[in-house]
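S.K.: Dropping the sequence and predicted coords here.
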Amino acid sequence: MKVCIMCGGEGTRLRPLTFERPKPCIPIVGRPSIQHLVSHISNLGFREVVITLGYMGSAIEEALGDGSLFGVDITYVREKKKLGTAGSVKNAQRYLEDGNFLVVGGDHVTDLNLLDFYRDHARHRSPVSIGLISIDEPGDYGIAEIDADFRIRRFKEKPSPGEIFSNLASTGIYVCTPAIFDKIPPQTKFDFARDLFPRLMEGGHTLRAYLARGNWTDVGNPASLRQAEKWKLQEIPYTSISGDLTMKAGQIQGPVQIGSSFSMGNGSRVIGPVSIGAGTEIEDHVLIGPYTCIGGDCRIRSHAKVFSSSIYDRVTIGKNSTVSGSIIDNDSVIGGDCSLENDTVIGPRVTMEKGVVIHSRTRVWPEVVIPAGAVIREHLLNEEYEVRCDGS
């Protein structure tokens with residue numbers, strides 16, 4: 001059974017997190033997200049994996065290698081230019097044309113039973129089956145109208161208000177037959193939802209739906225990234241410590257996953273589920289709340305509080321500062337008495353001086369220095385980097 005994982009996008013909607021890594025390599029509980037996906041696929045019994053590469057593809061190769069550590073055999077196919085979703089799969093046709101295959105986005109985090117989806121498709125005659133899931137805000141996705149036999153009657157990509165005839169959103173996960181390759185032009189930008197599906201339906205082909213149950217997100221924005229990490233933190237079964245630990249009158253309430261050479265000061269508390277990387281130091285009277293992930297070699301100064309946040313590697317959080325529902329990239333320094341509100345994203349190597357306040361849904365670009373006492377209400381950009389944060 002074969003799987004094609006599409007990893008060509010630039011991840012502009014997740015900037016500043018994707019300036020120095022591709023979207024599938026954004027860490028989730030200390031591992032590149034693509035590793036979680038490949039592990040899930042392998043556990044379901046898929047063994048042959050074809051990965052289409054574009055933006056910073058070498059980082060994905062480094063994260064996965066030949067696939068042997070995950071129990072799969074990986075073939076990499078590079079795009080010389082942007083080909084769209086269907087175009088990228090067409091570019092890998094020679095590895096996929098001998099039978100049905102599963103198509104998954106490289107930014108997907110899911111526990112869906114994709115093996116059941118694959119088998120369901122094999123029981124019917126259809127060039128494509130589309131995985132659908134019911135969501136609260138379908139306007140950002142392709143939506144489908146289906147009948148009682150799971151045949152798709154209408155499909156609309158990113159509908160506007162007044163066009164949302166269904167809350168069944170496409171997961172971007174498909175099972176395809178090799179017949180679709182005849183409908184996709186070679187070396188041309190061509191998408192599944194915008195181009196291939198309308199072409200197939202206009203040609204009289206029946207597309208089928210698979211109603212998925214479980215957790216799924218495409219990590220398309222910081223909120224969905226935090227949700228994905230929350231799911232993975234919930235999978236931590238018990239408290240585990242890898243190596244030595246130094247703790248003085250603190251309290252750890254599990255489940256908590258702790259790396260080696262971890263230290264925690266007097267009166268500090270960690271309330272799981274939480275993951276903490278190797279070499280991290282937590283000083284006195286610090287509170288780390290549930291659904292928090294802290295990377296390696298971080299420093300959390302005394303009386304700081306961190307709730308439901310993603311702190312990457314080598315980050316410092318200053319004395320008396322509060323971080324809530326935020327993402328902080330590598331090597332950033334948060335000064336004392338700072339406040340980072342919910343859904344903020346801080347790029348790598350940012351420096352915040354004392355008393356800075358970052359308002360909700362604000363992003364700070366890499367290497368920005370924020371002076372003491374500043375109140376940031378809108379994105380802080382760095383002209384040395386691209387500024388667009390919409391698109392893929």
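M.R.: That came in fine, so what should we check first?

S.K.: okay, CA-based contacts and neighbour counts for the rest of this
M.R.: Fine.

S.K.: and residue 372, what is it in contact with?
M.R.: Counting by CA atoms under 8 Å, 6 or more residues apart in numbering, residue 372 makes contact with 352-356.

S.K.: Can you add secondary structure and give these back as JSON lines?
M.R.: Formatted as JSON lines, the entries for the contacts of residue 372 read as follows, by DSSP: H, G, I helix; E, B strand; the rest coil:
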{"residue": "352", "secondary structure": "strand"}
{"residue": "353", "secondary structure": "coil"}
{"residue": "354", "secondary structure": "coil"}
{"residue": "355", "secondary structure": "coil"}
{"residue": "356", "secondary structure": "coil"}
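
S.K.: Just give me the longest helix of this structure.
M.R.: Longest among the helix segments of the chain by residue count, using DSSP state H, is helix 222-234.

S.K.: and the helix or strand that that helix is followed by, what other elements does it pack with?
M.R.: Once helix 222-234 ends, the next helix or strand along the chain (criterion: DSSP states H and E) is strand 240-241. Using 3 or more CA pairs under 8 Å, 6 or more residues apart in numbering; DSSP states H and E, the elements in contact with strand 240-241 are strand 256-258.

S.K.: Just list what the strand it packs on packs against, helices and strands only.
M.R.: On the basis of 3+ CA pairs under 8 Å, 6+ apart, strand 256-258 makes packing contacts with strand 240-241, strand 274-276.

S.K.: Name the strands paired with the helix or strand following the last one and say parallel or antiparallel.
M.R.: Beyond strand 274-276 in the direction of the C-terminus, DSSP H and E gives the next helix or strand as strand 281-282. In the sheet, strand 281-282 lines up against strand 262-264 (parallel), strand 299-300 (parallel) (DSSP bridges).

S.K.: what about the protein, any weak spots by pLDDT?
M.R.: Under the criterion pLDDT under 70, the flagged ranges of the chain are 391-392.

S.K.: Mind splitting it into its structural domains?
M.R.: Each structural domain of the chain that the record assigns through automatic domain parsing is listed here as a residue range: 2-234, 240-376.

S.K.: With distance to residue 385 added, can I get the ones you listed in CSV?
M.R.: Output for those, formatted as CSV (distance: least, CA to CA, whole Å):
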stretch, distance to residue 385
domain 2-234, 8
domain 240-376, 8
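
S.K.: Output stretch 148-160 as CSV, restricted to C-alpha atoms.
M.R.: Extracted as CSV, the C-alpha positions of stretch 148-160 are listed here (Å, rounded to 0.1, in the frame of the first residue of the first chain):
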residue,chain,number,x,y,z
ALA,A,148,-27.0,8.8,1.3
ASP,A,149,-24.7,6.6,-0.9
PHE,A,150,-21.7,8.9,-0.1
ARG,A,151,-21.5,10.2,-3.6
ILE,A,152,-20.4,13.8,-3.9
ARG,A,153,-23.0,16.0,-5.6
ARG,A,154,-21.3,19.4,-5.2
PHE,A,155,-17.9,20.6,-4.3
LYS,A,156,-16.9,24.1,-3.6
GLU,A,157,-13.3,25.3,-2.7
LYS,A,158,-13.2,28.0,0.1
PRO,A,159,-16.8,29.2,-0.2
SER,A,160,-17.9,32.7,0.6
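
S.K.: Hmm, residue 181 and residue 87 touching each other?
M.R.: No - taking CA atoms under 8 Å as the contact criterion, residue 87 and residue 181 are not neighbours in contact, 9.4 Å apart.
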